[in-house]
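Student: Below are the sequence and a predicted model for it; my questions follow.
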Amino acid sequence: MNSVWRNWAGNEEARPSRVLRPASTEDVATAVKDAVRDGLRVKPVGSGHSFTGVAVAPDVQLRLDRFDGVTSLDAETGLVTVEAGMPLWKLNPLLAAHGLALENMGDIDRQTVTGAVSTGTHGTGARLGGIATQIRALELVTADGSVVSCSPAERPELFAAARVGLGALGVITRVTLQTVPLFAIHARDTAMPVAETLERAQELADSHDHFEFFWFPHSTTALTRRFTRLPGDAPLKPIGDLARRFDETLTNVAFEALNRVGTRFPGCVRPSARLAARLMSSREWTDHSYKVFPSPREVRFHEGEFAIPREHAVDALRAIKRWIDEHDERVSFPLEVRFSAGDDIWLSTANGRDSCYIAFHQYHRMPYQRYFRACQDILAGFGGRPHWGKMHDLDAALLRPRYDRFDDFTALRDELDPAGVFANPYLDRVLGPAPGAGPA
């Protein structure tokens, strides 16, 4: 029996007929050529942190954990080239040792670089884009086993598409990133009334380098998070070990316990959510950026997220709250709200517009389908684009009008991979099948 691969959330699985662990670009090219010869499809997989089936391998799974080195690093220019399997948690201290840092990050660091950029992973910061905007060059293995490079000067259209390529254009083998000098962040978590948070959301997003907030829908309190960037040699005041352990216990062990109670006794969900909101404490600390951006996530959950034009943020959140109240929905996790600058990447969720990201979660043991469908429908009404690595059920027909370059992307996919070597059921749904693809 073939071994079973499952993603972090446990909602996607695969039974690949062939599992390979390439250690070089040449190994990847050989794996692709062999798969084509045998009539098999190929998907690379990183850390499995996508909630969608974007990385599910129907036939050949490429596990990239042996392909995770730094191939070049220039401390003067900040250009750093890494191999496909490099995880963010490993890359960040390597950069810091050379006085460098990623310009922006998301709120976890478990992903590989290629997994993060391929699905459009982003952080928060009204003047900053997602991780893919930091890419300066890519190397890919295409469906015929060729190794190609792209950048703004070399195959610029491929570069514009492949930075958020969903794994549909080829297997990314190397990524060149533009890093910045190492910097610190002064972080301030503050509990605020929800009404005030919504009233001031746009102002707070504009007046801080990074701003986000969390809102348990059954509570009238939000936790706001404000980050101010400081020079790398600024005095650090990190969270102490004791305080960190207490925080991790509170946010993981205690929160897990509250969710388990809510799963067994649904009537406890609302008071548990209100208790969790009250336990969100105000605090301040200063540390290097890569130690501030990510947070440990031990409690398993399902997640969806949509990007909408940022001017609609408050109306969208109020609409979700109304639906929860009207339908007596029990939601144990907070809504997470972040902001990002627009970009020019073809399938980036921030393409062509400054965006607000609204993420909705539910504990993995609790029913989520009705709530997630409602959030999807509400956010679609505000021009929402789903995060490619988070749960949604939209297809190509519904996604096409949301992206000006959608047809350009699929045309390039059809040119590079007409037989669907890199396809899987998720990509067939969101992009449409490749023209020469056989049955799934």
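Tutor: Happy to help now that I have it. Numbering: from 1, shown residues only.
Student: which residues pair with Val171 across the strands?
Tutor: Val141 (DSSP bridges).
Student: any idea how far it is from Phe360?
Tutor: Per CB to CB, to the nearest Å, Val171 is found 31 Å from Phe360. From N, CA and C alone the C-beta is placed, and that goes for glycine too.
Student: In contact with Leu40, which residues?
Tutor: Leu40 makes contact with Ser17, Arg18, Asp59, Val60 under the criterion CB atoms under 8 Å, 6 or more residues apart in numbering.
Student: Actually, Arg21.
Tutor: Leu62, Arg63, Leu64, Asp65, Arg66.
Student: So which residues of the stretch 1-150 of the chain form helices?
Tutor: Assigned by DSSP state H, counting those that start in this stretch, the stretch 1-150 of the chain shows helices spanning 25-37, 88-97, 113-118.
Student: mind listing the helices for the stretch 301-440 of the chain?
Tutor: 313-326, 369-380, 396-399, 406-416, 425-431.
Student: buried stuff in the third one?
Tutor: In other words, helix 396-399. Using 16 or more other CB atoms under 10 Å as the test for burial, helix 396-399 gives Leu399.
Student: which other helices and strands contact it?
Tutor: For helix 396-399, the packing partners by 3 or more CB pairs under 8 Å, 6 or more residues apart in numbering; DSSP states H and E come out as helix 406-416, helix 425-431.
Student: Would you mark the buried spots in the last one?
Tutor: Which is helix 425-431. For helix 425-431, the neighbour count (16+ other CB under 10 Å) marks Tyr426, Leu427, Asp428, Arg429, Val430, Leu431 as buried.
Student: Mind listing what's buried along stretch 323-334?
Tutor: Neighbour counts over stretch 323-334 (16+ other CB under 10 Å) mark Trp323, Ile324, Glu329, Arg330, Val331, Ser332, Phe333, Pro334 as buried.
Student: which ones are touching the first one?
Tutor: Spelled out, that is Trp323. If a contact means CB under 8 Å, 6+ apart, then Trp323 has Glu329, Ala374, Ile378 as its contacts.
Student: can you do 7 Å?
Tutor: Trp323 makes contact with Ala374, Ile378, according to CB atoms under 7 Å, 6 or more residues apart in numbering.
Student: tell me the pLDDT at it?
Tutor: On pLDDT, Trp323 comes in at 97.
Student: Distance of it relative to Glu329?
Tutor: Trp323 sits at a distance of 7 Å from Glu329 (criterion: CB to CB).
Student: For the stretch 1-150 of the chain, give me the ranges with low pLDDT.
Tutor: 1-2 (pLDDT under 70).
Student: And the strands in it?
Tutor: Secondary structure of the stretch 1-150 of the chain by DSSP state E, counting those that start in this stretch: the strands cover 5-6, 13-14, 18-20, 42-45, 60-63, 70-73, 79-83, 100-101, 135-141, 147-150.
Student: Make CSV out of those strands and add distance to Leu398.
Tutor: Formatted as CSV, those follow (distance: least, CB to CB, whole Å):
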stretch, distance to Leu398
strand 5-6, 28
strand 13-14, 25
strand 18-20, 33
strand 42-45, 24
strand 60-63, 29
strand 70-73, 40
strand 79-83, 35
strand 100-101, 38
strand 135-141, 28
strand 147-150, 29
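Student: so which of these is the most packed in?
Tutor: Counting by mean count of other CB atoms under 10 Å, strand 42-45 has the highest mean neighbour count of the strands of the stretch 1-150 of the chain, with a mean of 26.
Student: In the sheet, which strands lie alongside that strand, parallel or antiparallel?
Tutor: By DSSP bridges, strand 42-45 pairs with strand 60-63 (parallel).
Student: Tell me which residue is most central in the protein.
Tutor: Nearest to the mean C-alpha position of the chain, by CA atoms, centre = their mean, lies Thr121 at 3.2 Å.
Student: Now it, what are its backbone angles?
Tutor: The phi/psi pair for Thr121 (degrees, to the nearest 10) reads phi -60, psi 140.
Student: Return the residues in contact with it.
Tutor: Gly106, Gln111, Gly130, Ile131, Gly389.
Student: Contact partners for the second one?
Tutor: The neighbours of Gln111, taking CB under 7 Å, 6+ apart as the test, are Gly46, Ser47, His49, Pro87, Leu88, Thr121.
Student: most neighbours, which of those?
Tutor: Ranked by neighbour count (other CB atoms under 10 Å), these have Gly46 at the top, with 26 neighbours.
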